[in-house]
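Peer 1: fold the following for me, if possible:
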Amino acid sequence: MWKTVLFLIFTLIVVPFVAFHYDDLPTQSQHSTLTTLTYLYIASALLCFVVSTLSKNYSQVDKLWSILPIIYVWIACVDADYEPRILLMAILVTIWGLRLSYNFARRGGYQWRFWEGDEDYRWAILLAKPEFQPHWKWVIFNFFFICFYQLGLILLFTLPIVKCMDGRPLGIWDYVLAGTFVIAVIIEALADQQQWDYQNKKYKALKGEIEMTDDYKKGFLDKGLWGIVRHPNYAAEQLVWILFYLYTVSATGIWINWAITGSLLLIILFKGSSDFSEEISAGKYPEYNEYKKRVGRFIPWIS
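Peer 2: Now for the predicted structure:
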């Protein structure tokens, strides 16, 4: 696990450096916006670290995952004086963020006591592993990976909106990207709803409120979108931010630029996150390994 964490932190440092090296430096207006967003990122990471350490709830970053991008894009939109493309991108991220915030809220993620709320079950499993003993090792992991790495990633995958500032006029491809973006968000919503319905019915079956069918005995969802790929919500999430990056291509005509960093690192993160989730699922559900052989991870037929 430590090797994975160190690799991810290494990529967070190296990939942006390489990307900035092989592209034009940000303009003065872009640099000003980047500075504002960076200060907000650092403050958010420090806040999450303090709150999670005091509350022992390590899902503080999860609460900001869908909120910070909305704040970032509207800061950029104001700085860009509501350029048409920037405004369109800000609206799209707002749609994405509101949808994801709703899904997180209905699972009990937000509480009036903001430091409370549902915690990702994987943190407790990870915390119990021998490599995080003694506790100071977990404190370091929480500081560098949970707080600073993940919130840094959020900043990076929203940076395409900064790269698009002072770009070419809005064109047909911007609308094509917008339509595809909305479709990806709808796929995410459908996948999450299917999982929500399944889990609720499974728990009712466990309580004896409804019939315990083979689907619920199995313990995991493998129907609907989850019968096409094992992580349809993760797949759609990656697509969302790849599409968001492609706006920089429309705005600048440059295919590889410094704003690509976030989407690349997000793909790496989801690979590691899904590996860990599937390790847990395979240990809990006997049929899960057969499911892995039968259904692709993010793309059909590709494990």
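Peer 1: could you list every residue that touches D197?
Peer 2: By Cβ atoms under 8 Å, 6 or more residues apart in numbering, D197 lies in contact with nothing. (Glycine included, C-beta is placed from N, CA and C.)
Peer 1: in what helix or strand does it lie?
Peer 2: Assigned by DSSP states H and E, D197 falls within helix 172-206.
Peer 1: residues in contact with the very next helix or strand once past that helix?
Peer 2: Next helix or strand after helix 172-206 toward the C-terminus (DSSP H and E): helix 214-218. Helix 214-218 is contacted from outside by Y198, K201, K202, A205, L206, K223, Y285, E287, using Cβ under 8 Å, 6+ apart.
Peer 1: burial of A282, as a residue count?
Peer 2: By the criterion of other Cβ atoms under 10 Å, A282 has 15 neighbours.
Peer 1: again, but for S281
Peer 2: S281 - counted by other Cβ under 10 Å - has 18 other residues nearby.
Peer 1: when you give positions from now on, start the count at 464
Peer 2: Understood, numbering begins at 464; the last thing we discussed is S744.
Peer 1: what sits against it?
Peer 2: F683, Y751.
Peer 1: hang on, it is in a strand, isn't it?
Peer 2: No - applying DSSP: H, G, I helix; E, B strand; the rest coil, one finds S744 to be helix, outside a strand.
Peer 1: read off the pLDDT value for I717.
Peer 2: Listed pLDDT for I717 reads 90.
Peer 1: can you select the buried ones among the contacts of helix 677-681 for me in PyMOL?
Peer 2: For the buried members of these, the matching PyMOL selection, counting by 16 or more other Cβ atoms under 10 Å, is:
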select buried, resi 661+664+665+668+750
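Peer 1: how far does stretch 531-542 sit from the chain's center?
Peer 2: How far stretch 531-542 lies from its chain's middle: 17 Å, per Cα atoms, centre = their mean, to the nearest Å.
Peer 1: could I get the average pLDDT for it?
Peer 2: 98.
Peer 1: which parts of that stretch are buried?
Peer 2: Counting neighbours by 16+ other Cβ under 10 Å, stretch 531-542 gives L531, P532, I533, I534, Y535, V536, W537, I538, A539, C540, D542 as buried.
Peer 1: repeat that for stretch 754-766.
Peer 2: The neighbour-count check on stretch 754-766 (16+ other Cβ under 10 Å) flags Y754, V758, R760, F761 as buried.
Peer 1: now the second one, what are its backbone angles?
Peer 2: Geometry field for V758 lists phi and psi as phi -120, psi 140, criterion degrees, to the nearest 10.
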